[in-house]
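# sequence and predicted model, in that order:
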Amino acid sequence: MRALTVLSAALLMSSAAFAGEMESIHTNQNAIFMSDAVATQAEAETLGAAYIEKLSATRDIDLAQSLPTPHRKIDRRSMSLDSTEMNVISEEADDGTMEYFAQVEIGYSYSYRDEK
């Protein structure tokens, strides 16, 4: 029983020592998403607007799953959209027709924990 008490106390002290080794950092990130090719500029605008609306309606915890985060220990509740911007890009296809793409640039921020 005494050995169990000593072991528990040692584990508690070591976990308390490591708890102070982490710090919370806030970061801003950007991501660019491209839609599939469509035949008209209006269709591309509709796709881009629908994607922005979908992201705006997404909970912060779910945003953490759908947006790229290069950090491992993120606080999913801190994820927030800061800005969205849509552009329509046109390209000539191999057959000579025009293709349109919605390009959505997203600015977002979150906090993560890192070692000091």
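Ah, there it is.
# where do the strands sit along the protein?
Using DSSP state E, the strands of the chain run over residues 22-34, 74-92, 98-115.
# so which of the ones you listed is the most surrounded?
Comparing the strands of the chain by mean neighbour count (mean count of other Cβ atoms under 10 Å), strand 98-115 comes out on top with a mean of 17. (Glycine included, C-beta is placed from N, CA and C.)
# quick one: residues contacting residue 75.
By Cβ atoms under 8 Å, 6 or more residues apart in numbering, residue 75 lies in contact with 24, 110-113.
# from residue 104, how far off is it?
Counting by Cβ to Cβ, to the nearest Å, the gap from residue 75 to residue 104 is 25 Å.
# go on, residue 62?
17 Å.
# for residue 26, same thing?
23 Å.
# okay, now the unreliable bits of the chain?
The model of the chain has pLDDT under 70 over residues 1-20, 116.
# residue nearest the centroid of it?
residue 67 (2.8 Å; Cα atoms, centre = their mean).
# verify the stated contact: it with residue 109.
No: contact between residue 67 and residue 109 fails when scored by Cβ atoms under 8 Å: they sit 10.5 Å apart.
# overlap of the contact sets of those two?
Joint contacts of residue 67 and residue 109 (Cβ under 8 Å, 6+ apart) are 29, 79.
# on that earlier part again, closest one to residue 34 out of the contacts of residue 75, please.
Among the contacts of residue 75, residue 110 lies closest to residue 34 (Cβ to Cβ), at 22.9 Å.
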